[in-house]
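>>> Here's my sequence, what's the structure:
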Amino acid sequence: MAEFQFSGQMILERWPDLLAKYRAILDCSEPELNIDIRQTDFWEPFGVCTLSAVILHLGHLGRTGVIRYVDGSVKNYLKGVGFLEFWGGEASASRDSITKLNLCEFQGVDDRVLRKLLNIIGEKIPLIQTATAPLYDAFAEIMSNVRAHARSPIGGLVVAQVYPQKKRMKICFADTGIGIRESFKGTNIFGRMPDSFAAIRLAIQENLTSDQSGRHSGLGLSHVRDFAKEHDGTLTIMSQEAYVEYGLSAIKEMTVVAPIPGTVVHLDIDLSRREKKRTMTFEEELTELLRHKKHERNQS
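Residues are numbered from 1 along each chain as shown. Below is the predicted model of the structure:
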């Protein structure tokens, strides 16, 4: 059995080291793997979602992995975000927490997941009323891409957590599909994508789609980027060898060893805004929004 250890501090500049370890897991020829998780700083939505995608992909390849926890605090955190329960282990005691969305799988736009995400924000840190619909659209666009473009054999993953003291929320989506660049193969713009960095730059443009008909099939990642910017946040996209972070005033790019063949999308947004007065309660607004979105999908 091959063993892989994860330990030490993980800051942005060291993400490539972590991702390379994830890739080593996939490249290992051993049928059974021992994944040793030690105390680290990377256990937040990005790390949890990416590692889960790696393990799902291993299962798709017919291989198995055993998770070991040297540090109790790591195990407690992973239990708290539903990582253990997702893999058949201990259930989180706070299944209905309003500060996080436990790790879960989706196959496309899932209103159950979207309601939970929006409730986390709307109940814990109230949003201005006009922000709810754009937030729904941003999440739904990412989820729909997994089904429409990524062609992921095992769907997508999502996990989210609110940090109340910092008034921020981190959400991560991952799939094990074909990646952004490959999703454009066969279209008239594929020739403008020499690598995954170029593919991400094009994919972030408004109204761009890999729909073979050329019709605009969604709001695009440009909407997700704009939402992050409007809320003093960052959007990070990792696909194949490209890791791109869209910040408030700068774009940061890194070349990484992709641990999965698909795409990871991470949002880090500010939730500190308040409104003076609402014309309806958040639950009323959310129920009406979901009803309207369901009607739109049925009509399309």
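>>> Burial check on Gln161, number of neighbours?
21 (other C-beta atoms under 10 Å). Where you see a C-beta, it was placed from the backbone N, CA and C, and this is true even at glycine.
>>> so it makes contact with Pro45?
Yes: counting by C-beta atoms under 8 Å, Gln161 does reach Pro45; the two are 5.8 Å apart.
>>> Now do the shared contacts for the two.
Val81, Lys170 (C-beta atoms under 8 Å, 6 or more residues apart in numbering).
>>> which residues are contacting the helix or strand in which Asp226 is found?
Using DSSP states H and E, Asp226 sits in helix 220-230. Contact partners of helix 220-230, identified using C-beta under 8 Å, 6+ apart, comprise 134-135, 137-138, 141-142, 145, 203-209, 234-235, 237, 246, 248, 265, 267-269.
>>> Now the longest helix along the chain: buried residues?
Ordering each helix of the chain by length in residues (DSSP state H) puts helix 282-299 first. Using 16 or more other C-beta atoms under 10 Å as the test for burial, helix 282-299 gives Phe282, Glu285, Leu286, Leu289, Leu290, Lys293.
>>> residue contacts, the third one?
Looking back up the chat, that one is Leu286. Here Leu286 is in contact with Arg115, Leu118, Asn119, Gly122, Thr132 (criterion: C-beta under 8 Å, 6+ apart).
>>> what's the neighbour count on the third one?
Counted with other C-beta under 10 Å, the burial measure for Asn119 works out to 16 neighbours.
>>> What are the phi and psi values at it?
Backbone torsions of Asn119, given as degrees, to the nearest 10, read phi -70, psi -40.
>>> how far away is it from Ile260?
Going from Asn119 to Ile260 by C-beta to C-beta, to the nearest Å gives 29 Å.
>>> Which residues does the helix or strand Val113 falls within contact?
Val113 belongs to helix 111-124 when assigned by DSSP H and E. The contact list for helix 111-124, computed with C-beta under 8 Å, 6+ apart, reads 98-101, 104, 106, 127, 132, 135-136, 139-140, 143, 158, 160, 162, 164, 169, 171, 271, 282-283, 286, 290, 293-294.
>>> So what's the predicted local confidence for the nearest residue to Cys28 once chain neighbours are set aside?
Leaving aside its sequence neighbours, Cys28 sits nearest to Ala2 (C-beta to C-beta, 6 or more residues apart in numbering; 4.8 Å). What the model reports for Ala2 is a pLDDT of 70.
>>> May I have the beta-bridge partners of Ala2?
Leu33 (DSSP bridges).
>>> Next: Thr64.
Counting by DSSP bridges, Thr64 is bridged to Glu32.
>>> That one: neighbour count?
Using other C-beta under 10 Å, Thr64 has 12 neighbouring residues.
>>> Out of the contacts of helix 220-230, list just those in strands.
Of the contacts of helix 220-230, the ones assigned to strands by DSSP state E are Thr234, Leu235, Ile237, Tyr246, Val265, Leu267, Asp268, Ile269.
>>> Give me the secondary structure label for Ala148.
Secondary structure assignment for Ala148 (DSSP: H, G, I helix; E, B strand; the rest coil): helix.
>>> now it: how far from Gly156?
For Ala148, the distance to Gly156 equals 11 Å [C-beta to C-beta].
>>> Between these two, which has more neighbouring residues?
Neighbour count, other C-beta under 10 Å: between Ala148 and Gly156, Gly156 has more, with 30 against 17.
>>> For stretch 101-117, which residues meet the burial criterion?
Buried positions in stretch 101-117, judged by neighbour count with 16+ other C-beta under 10 Å: 101-104, 106, 109-111, 113-117.
>>> gap between it and the chain center?
Its chain's C-alpha centre and that of stretch 101-117 lie 11 Å apart, by C-alpha atoms, centre = their mean, to the nearest Å.
>>> which regions of the stretch 51-200 of the chain sit below the pLDDT cut-off?
69-71, 89-100, 122-131 (pLDDT under 70).
>>> Would you map the strands across it?
64-69, 100-106, 156-163, 168-175 (DSSP state E, counting those that start in this stretch).
>>> closest to Ala199 out of these?
strand 168-175 (15.1 Å; C-beta to C-beta).
>>> about what we covered before: need the buried residues of stretch 101-117 in TSV with distance to Ile37, can you?
Formatted as TSV, the buried residues of stretch 101-117 follow (distance: C-beta to C-beta, whole Å):
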residue	distance to Ile37
Leu101	21
Asn102	18
Leu103	15
Cys104	20
Phe106	25
Val109	32
Asp110	28
Asp111	33
Val113	25
Leu114	30
Arg115	31
Lys116	26
Leu117	26
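>>> between those residues, which is closest to Ser29?
Out of the buried residues of stretch 101-117, the member with the shortest distance to Ser29 (by C-beta to C-beta) is Leu103, at 28.0 Å.
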